[in-house]
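Peer 1: Any chance you could fold what I've pasted below:
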Amino acid sequence: MSPILQVRGLTKIHGAGCERCIESTGPEQDTNICPHCGSVVAAHDVSFELRPGEILGIMGESGSGKSTVVKTLYFDEKPTAGTARFFDGDDDWDLFAANAAAQRWLRNHRFGMVYQNPHLGLNFNVSAGGNIAERLLMNDVTLFGEIRERARDLLSRTEVLPERMDESPKKFSGGMQQRVQIAKALATRPPLLFLDEVTTGLDLSVQARILDLILEIQQELGTAMIAVTHDLGVIRLLAGRTIVMKYGRIIESGLTDQILEDPQHAYTQRLVASAL
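Peer 2: Sure thing, here's the model as predicted:
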């Protein structure tokens, strides 16, 4: 099956950078901070493919670079180097070469993002339904009745009571805010969804319902997803394939079951052992 997303050599350096940044950072050096210029090598030479309808997991500890990957792909950050191609039917998008208008269109129409912090993904100055309406209006849905009906349906399927549609997300629990974020991200039925630590800080019972919801969406809509997390339980449940990152580098990748049951890299072995 042809990929929906192809990433090659993705690199992100925070700071001026120098000619010794790459050789002086990474898992072997046990740091992502260049000792010569102080720049942070958040990601280097990250390459992978994502197939339609697949969930790819990216796992690692804080500072591993996993969130940097999805933030560059969603245009929250500009990469230092690398390419990313998004294949959408007959359209072939060179993501990092696209101009600002094209990137904005892709964010609003073809991609979805669910952040760990709902404040990054929601407008807290409007209602839960209003958040969905904002996204629908960007996609030329302008009839008030249709917007209300679509918002009600999306919130219902993410287990937000319809009678709370006109309430501000400020009044919702963390789990409820995440559900509203998911509903908003799904409003355009995007073929590609990014999930950045979506269950962190939530109660275990709420985590389970959010993860079940994500799997239902993937099976129903065939949405391809990249799930970034440090939680091996999330990886085990969601991802068919997994990438393990440390200090900005991919150190192991493969089928999730193989990585969790027979990790090859010492770092992955420690991660798996710590979760047992």
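
Peer 1: Can you list the low-confidence ranges for the stretch 1-150 of the chain?
Peer 2: Residues of the stretch 1-150 of the chain that meet the criterion pLDDT under 70 lie in 140-142.

Peer 1: all strands of it, in order?
Peer 2: Applying DSSP state E, counting those that start in this stretch to the stretch 1-150 of the chain gives strands spanning 5-14, 40-50, 55-59, 81-88, 91-94, 111-114.

Peer 1: Can I get those in JSON lines including mean neighbour count?
Peer 2: (C-beta placed from N, C-alpha, C; glycine too.) Output for these, formatted as JSON lines (neighbours: other CB atoms under 10 Å):
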{"stretch": "strand 5-14", "mean neighbour count": "20"}
{"stretch": "strand 40-50", "mean neighbour count": "22"}
{"stretch": "strand 55-59", "mean neighbour count": "25"}
{"stretch": "strand 81-88", "mean neighbour count": "18"}
{"stretch": "strand 91-94", "mean neighbour count": "12"}
{"stretch": "strand 111-114", "mean neighbour count": "24"}
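
Peer 1: need those strands in JSON lines with distance to E220, can you?
Peer 2: Supplementary listing: these in JSON lines, determined by distance: least, CB to CB, whole Å:
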{"stretch": "strand 5-14", "distance to E220": "20"}
{"stretch": "strand 40-50", "distance to E220": "19"}
{"stretch": "strand 55-59", "distance to E220": "14"}
{"stretch": "strand 81-88", "distance to E220": "19"}
{"stretch": "strand 91-94", "distance to E220": "24"}
{"stretch": "strand 111-114", "distance to E220": "14"}
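
Peer 1: what are the ranges of the helices in the stretch 1-150 of the chain?
Peer 2: Taking DSSP state H, counting those that start in this stretch as the test, the helices found in the stretch 1-150 of the chain are 66-73, 100-109, 118-121, 128-138, 144-157.

Peer 1: Please identify the most buried of these.
Peer 2: Comparing the helices of the stretch 1-150 of the chain by mean neighbour count (mean count of other CB atoms under 10 Å), helix 66-73 comes out on top with a mean of 25.
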